[in-house]
Structure formats: structure tokens, C-alpha cells
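[1] Sequence first, predicted model second:
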Amino acid sequence: GAAVDQKRWTLNDFDIGKPLGRGKFGHVYLAREKRSNHIVALKVLFKSQLKQSQVEHQLRREVEIQSHLRHPNILRLYGYFYDQKRVYLILEYAAKGELYKELQKCKYFSERRAATYVASLARALIYCHGKHVIHRDIKPENLLVGAQGELKIADFGWSVHTFNRRRTMCGTLDYLPPEMVESVEHDANVDIWSLGILCYEFLYGVPPFEAKEHSDTYRRIIQVDLKFPSRPVVSSAAKDLITQMLVKDSSQRLPLKKLLEHPWIVQNADPSG
Ligand SMILES: O=C(O)c1cc(-c2cccc(F)c2)nc2ccccc12
Ligand SMILES: [Mg+2]
């Protein structure tokens with residue numbers, strides 16, 4: 001098979017290490033490229049599963065997109081190859097793993113930690129939007145943490161698949177903005193909404209429109225039924241930012257560049273991200 005940086009990779013180029021996790025279409029392994037000793041994550045996808053779920057074309061498109069994105073807060077895709085039964089994706093290894101596990105463990109983040117994450121995601125999204133790549137689907141499940149604690153959007157491909165499966169079939173609607181829930185045209189401003197949802201969840205430990213039934217979540221989203229609990233205590237600056245992002249009219253949402261100048265971000269985000 002081919003590869004994004006023209007090199008023809010094969011399984012023999014790697015020493016395979018411990019499993020890092022499993023997804024719907026296969027497993028991810030720690031691996032070391034033999035010549036460079038470079039540590040990577042090798043995602044192994046079964047062609048049978050990909051065919052069965054009719055996601056081959058999406059995978060190719062997402063690989064194409066992801067391989068061209070170069071940003072400190074976007075997980076790198078170095079290349080891919082395939083054999084008879086499997087497709088292998090050569091990914092950057094994020095040493096501190098999945099953000100959602102960290103969020104579950106500490107329930108919610110401090111305002112400084114939340115603001116630092118939100119600012120780095122805003123910078124990654126500004127970069128993506130600049131390359132006409134939108135909709136990076138930035139829920140906690142799609143975020144990994146690098147060795148220095150930096151956030152990485154690791155959402156290439158899956159979320160599009162899960163997006164088509166999870167959001168239309170089952171799974172969380174929580175992150176969908178009104179225009180997507182009402183399935184009308186959507187643009188890069190969908191990412192501002194999702195980042196607002198994420199900011200709320202970082203600070204309170206739950207997404208703002210969570211409800212038992214899908215139909216209730218759906219209604220709360222389209223009504224923008226935004227409420228701030230009294231606990232944990234959160235600054236009014238943070239609530240102001242979230243309120244400016246979770247606006248039904250996508251054109252009225254706070255632009256990402258303005259987000260980086262918002263007092264809550266300026267006063268709380270660690271500049272190194
Ligand atoms: O047998 C193939 O040619 C094949 C190639 C690819 C593929 C090619 C480039 C990039 C990428 F991500 C995937 N995906 C597949 C999925 C299911 C069945 C077959 C294939
Ligand atoms: Mg996606």
C-alpha cells in the first residue's frame with residue numbers, strides 16, 4: 001500500500017509493543033520504527049470491518065486530510081500501509097493518553113487547566129479552518145494528551161465514522177450544535193459551538209445539555225437551554241465566554257480569534273498551551 005510521505009511502509013519496519021486501546025475497527029499498538037527507533041502508535045483496522053461499515057472512502061479522505069495537518073495540538077498521521085486483511089495507520093504516540101479518562105478521574109478541571117486546553121484547541125481549530133478543514137469533532141473522547149501535558153486532537157477518521165454511525169444511529173448528541181441537530185447547512189462555526197460545550201464540560205464535569213433521553217437533549221440543544229450549576233463555583237468570566245459560544249445563530253458565535261483575547265482565556269490560559 002501507499003503512504004503519505006511517499007515511503008512504502010511495511011509491518012517489518014516496526015517492532016510492535018503493548019496494546020494501547022481498541023476502537024470499533026481494530027486495535028492500536030505502541031510500536032517502534034526500526035531504522036529511526038521512533039516511537040509511534042500503530043492503528044490496525046480490519047478491511048472486513050471497514051467494508052461492512054462502508055467507511056473505506058471516509059477513511060481515505062480523513063487520512064488525506066490528517067496527513068497534511070501539522071500543528072502541535074493535532075495528532076500527526078505519519079503514513080499508512082495495508083496488507084491482505086488490514087489497513088495500518090502510523091500515528092503520533094500521545095504519551096499521557098486519553099483526556100476523557102483524566103476528566104473522569106478528577107471530575108472537573110481547574111479554570112487554569114480548562115482555559116489552557118480551550119486556548120490550545122482554539123489555536124488548532126483556527127489552523128484547521130485556515131485550511132478549510134472543519135468539524136474536527138472535538139469531544140473529550142477525541143482528545144489525547146502528549147508527554148508534556150499538551151492536548152492533541154486525535155479525531156481523524158473515527159469521529160466521521162462514529163459521527164455517521166453514533167450521531168445518526170446512537171450515542172451522544174451532546175456536542176451537536178442546533179444547525180446540525182436540525183440537520184441544516186453547517187460551517188466552521190460548528191466547531192465554536194462544540195468548543196463551548198467542551199469548555200463547560202471541563203469546568204462542570206458534564207456537558208450542558210445532558211439529559212436521560214435523546215429527545216430531551218435534542219430539545220435542550222435547539223432551545224439553547226443553558227444553565228450553570230451553583231457547584232462547582234465557576235467565575236463569571238468563564239460563564240460569559242461559554243454564553244458567547246453557545247449561540248443558536250452560528251454567525252453570532254464568538255469567533256475563535258476573539259476567544260483568544262477573551263479576559264477569561266488571557267487571565268487563565270498558560271501561554272505555552
Ligand atoms: O485493499 C485496498 O486497496 C484498501 C485500501 C484502503 C486504504 C487505502 C488508503 C488509505 C486508507 F486509509 C485505506 N482501505 C481499504 C479498506 C477496505 C478494503 C480495502 C482497502
Ligand atoms: Mg471528525
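    That came through fine. Remember, it's a predicted structure, so these values are computed and weren't measured experimentally. Ligands and ions are numbered 1, 2, ... in the order given.
[2] make it CA atoms for all contacts and neighbour counts henceforth
    Noted.
[3] Low-confidence regions, the chain specifically.
    Applying pLDDT under 70 to the chain flags the ranges 1-5, 135-136, 155-171, 183-186, 273.
[4] could you pull out the strands for it?
    For the chain, the strands defined by DSSP state E occupy 14-22, 26-33, 39-46, 77-82, 86-92, 143-145, 151-153.
[5] Adding distance to ligand 2, write these out as JSON lines.
    Shown next, in JSON lines, are these (distance: least, CA to the ion, whole Å):
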{"stretch": "strand 14-22", "distance to ligand 2": "18"}
{"stretch": "strand 26-33", "distance to ligand 2": "18"}
{"stretch": "strand 39-46", "distance to ligand 2": "16"}
{"stretch": "strand 77-82", "distance to ligand 2": "14"}
{"stretch": "strand 86-92", "distance to ligand 2": "16"}
{"stretch": "strand 143-145", "distance to ligand 2": "11"}
{"stretch": "strand 151-153", "distance to ligand 2": "10"}
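[6] Same list (these) but as CSV, adding mean neighbour count.
    Written out in CSV, the entries for the strands of the chain read as follows (neighbours: other CA atoms under 10 Å):
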stretch, mean neighbour count
strand 14-22, 14
strand 26-33, 19
strand 39-46, 22
strand 77-82, 21
strand 86-92, 21
strand 143-145, 24
strand 151-153, 26
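[7] Which one, of those, ends up nearest to His214?
    Closest to His214 of these, according to CA to CA: strand 143-145, at 23.6 Å.
[8] ok, Gln267 - how many residues close by?
    Counted with other CA atoms under 10 Å, the neighbours of Gln267 add up to 14.
[9] wait, I meant Asp83
    When counting by other CA under 10 Å, one arrives at 12 neighbours for Asp83.
[10] where's it relative to Leu69, distance?
    25 Å (CA to CA, to the nearest Å).
[11] just Leu203 next, same as before
    As defined by CA to CA, Leu203 lies at a distance of 29 Å from Leu69.
[12] before we move on, back to that, take the strands of the chain and write them to TSV, including distance to Leu99.
    Output for the strands of the chain, formatted as TSV (distance: least, CA to CA, whole Å):
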stretch	distance to Leu99
strand 14-22	14
strand 26-33	17
strand 39-46	17
strand 77-82	19
strand 86-92	16
strand 143-145	5
strand 151-153	8
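[13] would TSV of these with distance to ligand 1 be doable?
    Shown next, in TSV, are the strands of the chain (distance: least, CA to the nearest ligand atom, whole Å):
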stretch	distance to ligand 1
strand 14-22	17
strand 26-33	12
strand 39-46	7
strand 77-82	6
strand 86-92	6
strand 143-145	20
strand 151-153	18
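[14] mind listing the helices for the stretch 51-200 of the chain?
    With DSSP state H, counting those that start in this stretch as the criterion, the stretch 51-200 of the chain has helices at 56-68, 99-106, 111-130, 158-162, 178-181, 189-204.
[15] What residues sit buried inside the longest one?
    If I follow you right, that is helix 111-130. Across helix 111-130, burial judged by 16 or more other CA atoms under 10 Å covers 111-129.
[16] Glu98 contacts Leu143, doesn't it?
    Yes - counting by CA atoms under 8 Å, Glu98 does reach Leu143; the two are 6.1 Å apart.
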